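Undergrad: Make a model of this:
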Amino acid sequence: MKRFFLTFFCIVAISAGVFYAVCAPHEQTAEAVDGVIDMRKADWSEVYALGGRWEFYWDRLYEPEDFTGGEKVFIETPMSWNGAGYPRTGHATYRLLLKLPEGADTALYVPEILAASAVWVNGQRVFSAGRLGSSAEDSVPYSKNEVLTLREHGGTAEIVVQVSNYHRMNGGIRHAFRVGSEHELIRWVFGRWLAISVVACAFFLVGFYHLALCLSQRETRGRAIYLAFAACCALAGLRFLIEQDSVAMYFSRSWLNIYLNPIYWALFTLHTGLIIMFMVMAFELKLTRATKILLALLLTAPLAMMPLPAPLNRFGMVFNIATHATILLSATRNLSKKRVWDRPYLGLLMAATLCYICWGPVANGPALAHFFAAPVFSNTLFMLSQFVMLSWDYAEARRKAEESAAKNNFYYRMSHALLTPLTKISTNVQIAKLKPEDADRLLAKSQAEIMKMAETINDALAEETGGGE
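TA: Residues are numbered from 1 along each chain as shown. The predicted structure is shown next:
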């Protein structure tokens, strides 16, 4: 059990280390006070995340010349506007005034706004994604990020952001805008891409490794569980890329944008199904017919909800959580105390599954504004737990196979060593029956063979138990 606890803490430490290394790039935070951020004394060797209270105009798509200087409303940014009490779908305008040192080499990073959006700087439209509109029919969502150089800002940059969200669960600026020198911002973006690539490649490499193990297995069950885990790793890496919009944004310019949401939900459902398959094989579950039907319904429900208007189809996540909870409950009922003690890594897998279920709401909440790869902790913890459990099972199976081979070899050597003297004794007995006058001589030979057999047995037993020198 000491090795198990050491392994457990190592897995948690690695998962947390990957999470903070990937999700917390080197940056500072600049907080807006009533829509204004004074950065005239900022250190431009740093990258700053723009947060705080921005001006906010609900149900309006204002352009810079539309502001009249009337009563102002403010909203915390980055955060979904429905988190501040506004409806999930709708359109709005954000406004921020940046005070910058004159002549500074300044650039603005526009994050993924998961809706239709446009950005204006000092009265000029410098960024657009999708088509803005006041209804689901008029707007077309599209997400991308971009680094914009702020030229001739004259010490002041008025940033106006228009957002039209009618196709997503959460609306508004959910990721922080960032400002800094162009050189530092490009380095920051490159570091983000590098971190995402490393994590995704780690998932893919682990998957390919276990696919190779699957092909080398002779047992049907062994092949199936390795294949399920390899597919889980590949889908986890693909989902991780899509969730960061680091891959999906490049498909949004083409016809695939229409099908991107269904494709994601199909991958999501397939990933869940593979996890269920892995759990069933890992815990050797005997599912009842009612449980199988329930799991099938829970798995297909998100696919059935895809045609529903946004954001209703997002509630398919509830069915996904219910699917994991059902299989986790079945595994808990099947897991005795003795089995946990004999195979403690099954308990680790259950804990990782529970974290995987509960981490989703956390990752999609306020943490998403600051940690751009928030789901990586639960995915890494779950994958490492699966990997360790499979490695433990593989080591146990190999140890049992070696013990079985050693026993078979022992039985073979013993049978060979005992059959020869037994054959001689049997021959001596038959000859003694035919020639009674040689009985004493043959009896002496038989006695010698019996002593040799006893010595062979004692030597073999001593070797087997490790007691002989």
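Undergrad: and the gap between Asp38 and Leu100?
TA: 9 Å (C-beta to C-beta, to the nearest Å). Every residue, glycine included, has its C-beta placed from N, CA and C.
Undergrad: Can you get me a residue count around Gly237?
TA: 21 (other C-beta atoms under 10 Å).
Undergrad: buried stuff in the helix or strand containing it?
TA: If you go by DSSP states H and E, Gly237 is part of helix 220-243. Across helix 220-243, burial judged by 16 or more other C-beta atoms under 10 Å covers 222, 224-243.
Undergrad: what's the answer for stretch 318-325, then?
TA: Using 16+ other C-beta under 10 Å as the test for burial, stretch 318-325 gives 319-321, 323-324.
Undergrad: Between all of these, which two are at the greatest distance?
TA: Greatest spacing in those, by C-beta to C-beta: Phe319 and His324 (10.1 Å).
Undergrad: Spell out which residues are contacts of both of those two.
TA: Applying C-beta atoms under 8 Å, 6 or more residues apart in numbering, one finds that no residue jointly contacts Phe319 and His324.
Undergrad: can I see the domain layout of this structure?
TA: Domain ranges of the chain: 2-22+187-400, 33-180, 412-465, per automatic domain parsing.
Undergrad: for those, which one sits closest to Ala406?
TA: Across the domains of the chain, Ala406 has its closest neighbour in domain 412-465 (8.7 Å, C-beta to C-beta).
Undergrad: I'd like the distance from the closest one to the chain centre, please.
TA: 66 Å (C-alpha atoms, centre = their mean, to the nearest Å).
Undergrad: again with stretch 129-149
TA: With C-alpha atoms, centre = their mean as the basis, stretch 129-149 stands 29 Å off its chain's centre.
Undergrad: one step back: for Asp38 and Leu100, indicate the residue with more neighbours.
TA: Regarding Asp38 and Leu100, a neighbour count based on other C-beta under 10 Å identifies Leu100 as having more, with 20 against 13.
Undergrad: tell me which strands and helices the longest helix along the chain is in contact with?
TA: When the chain is parsed with DSSP state H, its longest helix is helix 376-434. Secondary-structure packing of helix 376-434 (3 or more C-beta pairs under 8 Å, 6 or more residues apart in numbering; DSSP states H and E): helix 2-23, helix 182-216, helix 220-243, helix 256-282, helix 344-363, helix 439-465.
Undergrad: quick one: what helix or strand has Glu55 in it?
TA: Glu55 belongs to strand 48-58 when assigned by DSSP H and E.
Undergrad: so what strands line up beside that strand?
TA: strand 28-32 (parallel), strand 74-77 (antiparallel), strand 90-99 (antiparallel), strand 177-180 (antiparallel) (DSSP bridges).
Undergrad: got the CA positions of the second one in CSV?
TA: Once non-C-alpha atoms are left out, strand 74-77 reads as follows in CSV (Å, rounded to 0.1, in the frame of the first residue of the first chain):
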residue,chain,number,x,y,z
PHE,A,74,-20.4,48.2,-15.7
ILE,A,75,-19.8,44.5,-15.8
GLU,A,76,-16.9,42.3,-14.5
THR,A,77,-14.7,41.0,-17.3
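Undergrad: what residues does that strand touch?
TA: With C-beta under 8 Å, 6+ apart, strand 74-77 has contacts from 32, 34-35, 50-56, 81, 84, 94, 172-173, 176.
Undergrad: Number of residues surrounding Val36?
TA: Neighbour count of Val36, defined by other C-beta under 10 Å: 14.
Undergrad: who touches the residue nearest in space to the middle of the chain in this structure?
TA: With distances taken as C-alpha atoms, centre = their mean, Asn379 lies nearest the centre of the chain, 2.1 Å away. Neighbouring residues of Asn379 by C-beta under 8 Å, 6+ apart: 203, 236, 240, 356.
Undergrad: Let me have those in JSON lines, extended by pLDDT.
TA: Formatted as JSON lines, the contacts of Asn379 follow (pLDDT from 0 to 100):
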{"residue": "Phe203", "pLDDT": "86"}
{"residue": "Ala236", "pLDDT": "84"}
{"residue": "Phe240", "pLDDT": "77"}
{"residue": "Tyr356", "pLDDT": "80"}
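Undergrad: Specify which member of those is nearest to Asp438.
TA: For these, the nearest to Asp438 is Phe203 (79.9 Å; C-beta to C-beta).
Undergrad: For that closest one, give its distance to Ile357.
TA: The gap separating Phe203 from Ile357 is 19 Å, by C-beta to C-beta.
Undergrad: what do you get for Ala107?
TA: According to C-beta to C-beta, Ala107 and Ile357 sit 40 Å apart.
Undergrad: Next: Met451.
TA: Per C-beta to C-beta, Met451 is found 69 Å from Ile357.
Undergrad: Please tell me I have it right and Leu267 contacts Gly237.
TA: No - between Leu267 and Gly237 no contact is recorded; they are 10.9 Å apart, counting by C-beta atoms under 8 Å.
Undergrad: circling back to that earlier point, please identify which of the helices and strands packed on helix 376-434 is closest to Val73.
TA: For Val73, the closest of the helices and strands packed on helix 376-434 is helix 344-363, at 28.0 Å, according to C-beta to C-beta.
Undergrad: how about the CA coordinates for that closest one, as PDB?
TA: This file holds the C-alpha atoms of helix 344-363, laid out as PDB (Å, rounded to 0.1, in the frame of the first residue of the first chain):
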ATOM      1  CA  PRO A 344      -5.800  -0.500  -4.900                       C
ATOM      2  CA  TYR A 345      -5.500   1.100  -8.300                       C
ATOM      3  CA  LEU A 346      -9.100   0.400  -9.000                       C
ATOM      4  CA  GLY A 347      -9.900   2.800  -6.100                       C
ATOM      5  CA  LEU A 348      -7.600   5.300  -7.700                       C
ATOM      6  CA  LEU A 349      -9.500   4.900 -11.000                       C
ATOM      7  CA  MET A 350     -12.800   5.500  -9.200                       C
ATOM      8  CA  ALA A 351     -11.500   8.700  -7.500                       C
ATOM      9  CA  ALA A 352     -10.200   9.900 -10.900                       C
ATOM     10  CA  THR A 353     -13.600   9.200 -12.500                       C
ATOM     11  CA  LEU A 354     -15.400  11.200  -9.700                       C
ATOM     12  CA  CYS A 355     -13.000  14.100 -10.300                       C
ATOM     13  CA  TYR A 356     -13.600  13.800 -14.100                       C
ATOM     14  CA  ILE A 357     -17.400  14.100 -13.500                       C
ATOM     15  CA  CYS A 358     -17.200  17.000 -11.000                       C
ATOM     16  CA  TRP A 359     -14.400  19.000 -12.700                       C
ATOM     17  CA  GLY A 360     -16.600  19.900 -15.700                       C
ATOM     18  CA  PRO A 361     -18.800  22.500 -14.000                       C
ATOM     19  CA  VAL A 362     -15.700  24.000 -12.400                       C
ATOM     20  CA  ALA A 363     -13.700  24.100 -15.700                       C
END
